[in-house]
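> Here you go, sequence then predicted model.
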Amino acid sequence: MHKNAGEGVMLDVVVAGGGYVGLGVAVAIKQAAPHLAVEVIEAAPEGVWKNDMRASAIIAAATRMLDVFGIWDELLPQAQPINKMIVTDSRTSDPVRPVFLTFDGEVAEDQPFAHMIPNVAMVGALRGVCERLGVTIRHGLSVSGFDAGNRSNQVTLSDGSTLEARLLVACDGVRSALRSMAGIKTVHWNYDQSGIVTTVEHDRPHNGCAEEHFLPSGPFAILPLPGNRSSLVWTERTADADRLVASDDLVFEEELERRFGHKLGPVRPVGPRRAFPLGLTLARAFVAPRLALAGDAAHGIHPISGQGLNLGFKDVAALAETIVEADRLGLDIGSLNVLERYQSWRRFDTVRMGVTTDVLNRLFSNDIAPIRIARDFGLGLVDRIPALKSYFIGQAAGTADPNGPRLLAGQPL
């Protein structure tokens, strides 16, 4: 912290958004450069994060970063490793769902390519590190405006107070207000699909196996949780998803069973069910003077690959490395010249993943016979070529890029 600036306070980095990505940015920067003053502005009141009953898939590269943060050992007892994944392609009414593709879940010995981690545990652990490092988290406030100058960004908060910061990081979600304030345009379209998210119990153990069932209305993903529980990401046409979420328990469970199947015995929803509209949103720029976008503020993609959150963690690693290296060289961490390195580092990977998920969703969310035959042939071909399977696992786990950020390789900044 440098000085008082009138009403405001001079900081190095202000992070707008206190979710996974915002907290991750704050931790990564402050841990590597303790002298930098970092503050997080979180719109939700204190304690709201404890009500999130969802869980998220965290890829191997991200777990390496969490290990550098010093919280992976804390999270591991609550994490469920994904030991295997199977992919099917069928209709909802089909009595048998043939498996076209299987993946063993290890990228290295005793290292699964992903873990399922409760959101509450993840956010709680990151908040704990923030507290230990001296990162202030302000609750119940949002950034209502900012004015980027030559040396700092004057940030106005929703209570009328101001802060001065060399850099403002927008982690305020796919409908980012800060992105709009900066005049950054997006490429965007809706899929007329919604993802139903809930948790279920079943009688038989899943043995750490994740399943992706491609159905005509969209993918139905079953992700293992600790115990005989699984997290569902169930894609339906938006009108059908809204109807299912609003239906009574009997109707919902009947439709659920038709898709889930009987291999794990009777299945029972045990958590709240919510539907989220799905679309593709890619920011045309990831940076502006004294502003960087990260996480969903920079990109929102279809959950078909389970990579949305992990793209955000890749942003965390790349942005933190960019800022910390610039600071060590005595450069202005908020200058456009510095921030453009982050943009060039992340843009291609983000666009590639956005295009990949878009193509996969369009390819598999239909029941056109010639397309079904071609895609099933392709899945079967991949299943028979070990080198291709290893490549896809490496890509999914985030471990295939030798030039990736150091944090994702488990190396401190």
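Noted; the coordinates are in hand.

> where's residue 268, which helix or strand?
Counting by DSSP states H and E, the element that carries residue 268 is strand 267-269.

> For that strand, buried residues please.
residue 267 (16 or more other C-beta atoms under 10 Å). The C-beta positions use only the backbone N, C-alpha and C, and glycine is treated the same way.

> what's downstream of it, the next helix or strand?
strand 274-283.

> and that following strand, which strands flank it?
Sheet pairing of strand 274-283 (DSSP bridges) gives strand 186-202 (antiparallel), strand 299-300 (antiparallel).

> Would you mind listing the buried residues in that strand?
Buried-residue list, strand 274-283, by 16+ other C-beta under 10 Å: 275, 278, 279, 280, 281, 282, 283.

> Nearest to residue 401 among the residues you listed?
Distance ranking of the buried residues of strand 274-283 against residue 401, using C-beta to C-beta, places residue 282 first at 19.7 Å.

> any idea how far the closest one is from residue 16?
Computed as C-beta to C-beta, to the nearest Å, the residue 282 to residue 16 distance reads 20 Å.

> Could you do residue 58 as well?
Residue 58 is 23 Å from residue 16, by C-beta to C-beta.

> sorry, back to before: per-residue confidence averaged over the strand holding residue 268?
The average pLDDT within strand 267-269 is 93.

> that older thread, nearest to residue 369, of the buried residues of strand 274-283?
Residue 369 has its nearest neighbour among those in residue 278, at 25.2 Å by C-beta to C-beta.

> Quick check, the closest one in contact with residue 304.
No - applying C-beta atoms under 8 Å as the test, residue 278 and residue 304 come out as separate, 9.1 Å apart.

> before we move on, back to that, list the neighbouring strands of the strand holding residue 268 plus their orientation.
strand 186-202 (antiparallel).

> Just after the partner strand, pick out the following helix or strand.
strand 209-215.

> CA-only coordinates of that following strand in CSV, if you can.
Extracted C-alpha coordinates of strand 209-215, given in CSV (Å, rounded to 0.1, in the frame of the first residue of the first chain):
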residue,chain,number,x,y,z
CYS,A,209,-15.9,-43.3,-12.8
ALA,A,210,-17.2,-40.3,-14.6
GLU,A,211,-19.7,-40.7,-17.4
GLU,A,212,-20.6,-38.5,-20.4
HIS,A,213,-23.8,-39.6,-22.1
PHE,A,214,-24.4,-37.8,-25.4
LEU,A,215,-28.1,-37.5,-25.9
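
> That strand pairs with which strands, parallel or anti?
strand 84-89 (parallel), strand 218-225 (antiparallel).

> Need the residues that contact that strand.
For strand 209-215, contacts defined as C-beta atoms under 8 Å, 6 or more residues apart in numbering pick out 57, 82-92, 97, 105, 114, 219-224, 259, 304, 364-365.

> how many other residues sit next to residue 331?
13 (other C-beta atoms under 10 Å).

> Do I have it right that it meets residue 338?
Yes - using C-beta under 8 Å, residue 331 makes contact with residue 338 at a distance of 5.6 Å.

> sorry, back to before: could you check which of residue 58 and residue 16 has the larger neighbour count?
Using other C-beta under 10 Å as the criterion, residue 58 and residue 16 rank with residue 16 on top: 28 against 25.

> so what's the more buried one up against?
Neighbour list for residue 16: 22, 41, 142, 143, 168, 169, 170, 171, 172, 178 [criterion: C-beta under 8 Å, 6+ apart].

> Please tell me how far it sits from residue 84.
39 Å.

> swap in residue 72?
22 Å.

> Over to residue 377?
23 Å.

> more crowded one of these two?
With neighbours defined as other C-beta under 10 Å, residue 377 and residue 84 compare such that residue 84 has more, 18 against 11.

> Just the mean pLDDT for stretch 286-294, thanks.
For stretch 286-294, the per-residue pLDDT averages 97.
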